[in-house]
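Participant: Next input, structure requested:
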Amino acid sequence: MLGCSSVTRIVPVDRYTVTTALMQGGPWRLPLTACHIVPLSLPPPGCGGVKVHGVDVQRVPGARRLSNGVIVTDSVRLVGTWDGSTLNLTEPPRRATPSQASPTRPAAEATPRAVAAVQRFGRRLAGADTAQHPHPGVRDRW
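Facilitator: The predicted structure is shown next:
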């Protein structure tokens, strides 16, 4: 007896996770990008990285528009699949940094030795110790 059947082959899909900021838009109409490299200019014109699909950047936690029109987010955790050119998100982005700054612990009191060292350094910068320099009148350059 002949029968018809179809075999469905299930191929495991690799999921990728990255924690980074996202950028989109600006003067060059940058696509939504998971940033790997960000130029040091302020505001940055965008970033280098991989394209991201599956999210509206304006709904991502910490998203804000910079003065040049670029939308940037705080660091977020992205989970998705890779198709060779784009990270296709399978989960919504989640904030990877605290929404509020963590309180810092107060510094320990300085030891007398540390205080003396800082005072010597201050005098040296002010030129008070130039008489001890092997070449009087010459100051160290930093």
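Participant: what are the ranges of the helices in this protein?
Facilitator: Remark: helices assigned in the chain by DSSP state H are 112-126.
Participant: Quick check: bridge partners of the closest residue to P31 other than its chain neighbours?
Facilitator: Computed as C-beta to C-beta, 6 or more residues apart in numbering, the closest residue to P31 that is not its neighbour in sequence is K51, at 5.1 Å. (Each C-beta comes from the backbone N, C-alpha and C, glycine too.) For K51, the beta-bridge partners are T33, T86 (DSSP bridges).
Participant: dump the residue contacts of K51.
Facilitator: Contact analysis of K51 by C-beta atoms under 8 Å, 6 or more residues apart in numbering lists P31, L32, T33, A34, S85, T86, L87.
Participant: Name the nearest of the residues you listed relative to C47.
Facilitator: Using C-beta to C-beta, T33 comes nearest to C47 of these, at 5.7 Å.
Participant: need the contact list for that closest one.
Facilitator: Applying C-beta under 8 Å, 6+ apart, the residues near T33 are L22, M23, Q24, G46, C47, G48, G49, V50, K51, V52.
Participant: what's the answer for H53, then?
Facilitator: Residues in contact with H53 (C-beta under 8 Å, 6+ apart) are L32, T86, L87, N88, L89.
Participant: repeat for P45
Facilitator: Residues counted as contacts of P45 (C-beta under 8 Å, 6+ apart) are G26, P27, W28, L30, P39, N68, V70.
Participant: Setting aside sequence neighbours, what's the nearest residue to the last one?
Facilitator: The reference is to V70. Going by C-beta to C-beta, 6+ apart, V70 has G26 as its nearest residue, at 3.7 Å.
Participant: I'd assumed N68 was in contact with the one you found.
Facilitator: Yes: using C-beta atoms under 8 Å, G26 is in contact with N68, at 5.3 Å.
Participant: who's more crowded, the two?
Facilitator: G26 (18 against 15; other C-beta atoms under 10 Å).
Participant: for the more buried one, phi and psi?
Facilitator: G26 adopts backbone torsions of phi 90, psi -170, taken as degrees, to the nearest 10.
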